[in-house]
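>>> Below are the sequence and a predicted model; questions follow.
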Amino acid sequence: MSKLVSWVQNIMRQANGFDDLSRFLLKTGAITGIIGMLFRVNLFLWLGFILILFMYIRTFSKDRQKYYQQNRFYHKQRNKIINFFNGQKNLVSKKQDQFKQHKTYRFYKCPNCGQKVRVPKGKGKIAITCPACSEKFVKKS
């Protein structure tokens, strides 16, 4: 019995442990497997099993360099996705701010450089100076 315990301890000492990719694989595999069982779709059941199996193979692998490279690649792809959705959220909030500003401001494009220029509404004809190229043009606000 003591040989078995020392054998398991040796394996666990050499194991890489759980990183973020391992947690992702475990959660995704479990959810996919549960969906496969609930809806009786063997493809999802097998996919969940394969993801969990891959997670265990990674965890007990002795190749630490490959383990870290996989985790780094996972973080890189995850950050791309997160940044994309954060950018979309910022774009929506920017459009909402612009929509609110349309009540009190008018927006014109400079005829020379195309820069957007914001002027207050209700001031009549005004001479607008472009902040980018200093071009002057007259518009009704």
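The structure has been received and is ready for your questions. Residues are numbered from 1 along each chain as shown.

>>> in this protein, which helix or strand is least confident?
Of all helical and strand segments in the chain, the minimum by mean pLDDT, DSSP states H and E falls on helix 2-14, at a mean of 79.

>>> Pull the distance from whichever helix or strand comes after it to the chain's centre.
Downstream of helix 2-14, the first helix or strand assigned by DSSP states H and E is helix 20-38. Averaging C-alpha positions (C-alpha atoms, centre = their mean, to the nearest Å) puts helix 20-38 20 Å from its chain's average.

>>> What residues of helix 20-38 count as buried?
The neighbour-count check on helix 20-38 (16 or more other C-beta atoms under 10 Å) flags 21-22, 25-26, 29, 32-33, 36 as buried. (C-beta placed from N, C-alpha, C; glycine too.)

>>> Return the helix or strand just after it as CSV; C-alpha atoms alone will do.
Using DSSP H and E, the next helix or strand after helix 20-38 towards the C-terminus is helix 42-59. C-alpha atoms of helix 42-59 as CSV (Å, rounded to 0.1, in the frame of the first residue of the first chain):
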residue,chain,number,x,y,z
ASN,A,42,-23.7,11.7,-29.0
LEU,A,43,-21.5,14.2,-30.8
PHE,A,44,-21.7,16.6,-27.8
LEU,A,45,-21.2,13.7,-25.3
TRP,A,46,-18.1,12.6,-27.1
LEU,A,47,-16.8,16.1,-27.5
GLY,A,48,-17.2,16.8,-23.8
PHE,A,49,-15.4,13.5,-23.0
ILE,A,50,-12.5,14.4,-25.3
LEU,A,51,-12.2,17.9,-23.8
ILE,A,52,-12.0,16.5,-20.2
LEU,A,53,-9.6,13.9,-21.4
PHE,A,54,-7.3,16.5,-23.0
MET,A,55,-7.5,18.5,-19.8
TYR,A,56,-6.2,15.5,-17.8
ILE,A,57,-3.5,14.7,-20.3
ARG,A,58,-2.3,18.4,-20.1
THR,A,59,-2.4,18.4,-16.3
